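Student: A predicted structure for the sequence below; I have some questions about it.
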Amino acid sequence: MNSAQTAEIRRIGGDPTDETWGWFLRNGPHGNSFTWSQTRGEPPGYVGVEHAEQMQVDPSFATRAKHVAELALSSADQNFLCRAIQVASVVGTESELKRLAFFTSHENSVVAAHARAGQFYLKKRLREGTAT
């Protein structure tokens, strides 16, 4: 992680030495380039939200990822926000669903689009009872 990312993590109250932040920035969701659905027009390298291997390997990971996402939702950085929305959609509950609603009218259209898709995905997960 670079110095700007480290500074942002500290600014929002996180601990950059926590390995979960490394996952969040390097191996987790893909920020601005993440897609919610795969189509012929999407670039190669698509990884869907179903591919959260880390949660299968470490049962406590979902709780740590949720905490990181909660902090990252207070960031002003577009990449942090998009990733936080993506993670919250996978590990979130009703609380995160309400929080994502705030971002659906975000001034940045990319963040707003992720929030709408994330909110849709999380609603579906909660209805189906697949919440972590």
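Tutor: Everything's here; your move.
Student: Please state the offset of stretch 77-87 from the chain centre?
Tutor: Taking Cα atoms, centre = their mean, to the nearest Å, one finds the center of stretch 77-87 at 5 Å from the center of the full chain.
Student: buried residues in that stretch?
Tutor: Buried residues in stretch 77-87, counted by 16 or more other Cβ atoms under 10 Å: 77, 79-87. C-beta here means a position set from N, CA and C on the backbone, and glycine is covered the same way.
Student: what's the helix or strand where residue 83 lies packed up against?
Tutor: Taking DSSP states H and E as the definition, one finds residue 83 inside helix 78-91. Applying 3 or more Cβ pairs under 8 Å, 6 or more residues apart in numbering; DSSP states H and E, one finds that helix 78-91 contacts helix 61-72, helix 94-103, helix 109-128.
Student: change it to 6 Å
Tutor: helix 61-72, helix 109-128 (3 or more Cβ pairs under 6 Å, 6 or more residues apart in numbering; DSSP states H and E).
Student: can I get those helices in JSON lines with mean neighbour count?
Tutor: As requested, the helices and strands packed on helix 78-91 are exported to JSON lines (neighbours: other Cβ atoms under 10 Å):
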{"stretch": "helix 61-72", "mean neighbour count": "20"}
{"stretch": "helix 109-128", "mean neighbour count": "17"}
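Student: Out of the ones you listed, which gets nearest to residue 4?
Tutor: Residue 4 sits nearest to helix 61-72 of all the helices and strands packed on helix 78-91, at 14.2 Å, using Cβ to Cβ.
Student: quick check: angle from that closest one to helix 78-91?
Tutor: On the basis of axes from the mean of the first three to the mean of the last three Cα atoms, to 10 degrees, helix 61-72 is oriented at 140 degrees to helix 78-91.
Student: tell me the mean pLDDT for stretch 4-20?
Tutor: Averaging pLDDT along stretch 4-20 gives 96.
Student: same question but for stretch 59-76, I mixed them up
Tutor: What stretch 59-76 shows for mean pLDDT is 92.
Student: who's in contact with stretch 63-71?
Tutor: If you take Cβ atoms under 6 Å, 6 or more residues apart in numbering as the criterion, stretch 63-71 is touched by 12-14, 20, 24, 84, 87-88, 91.
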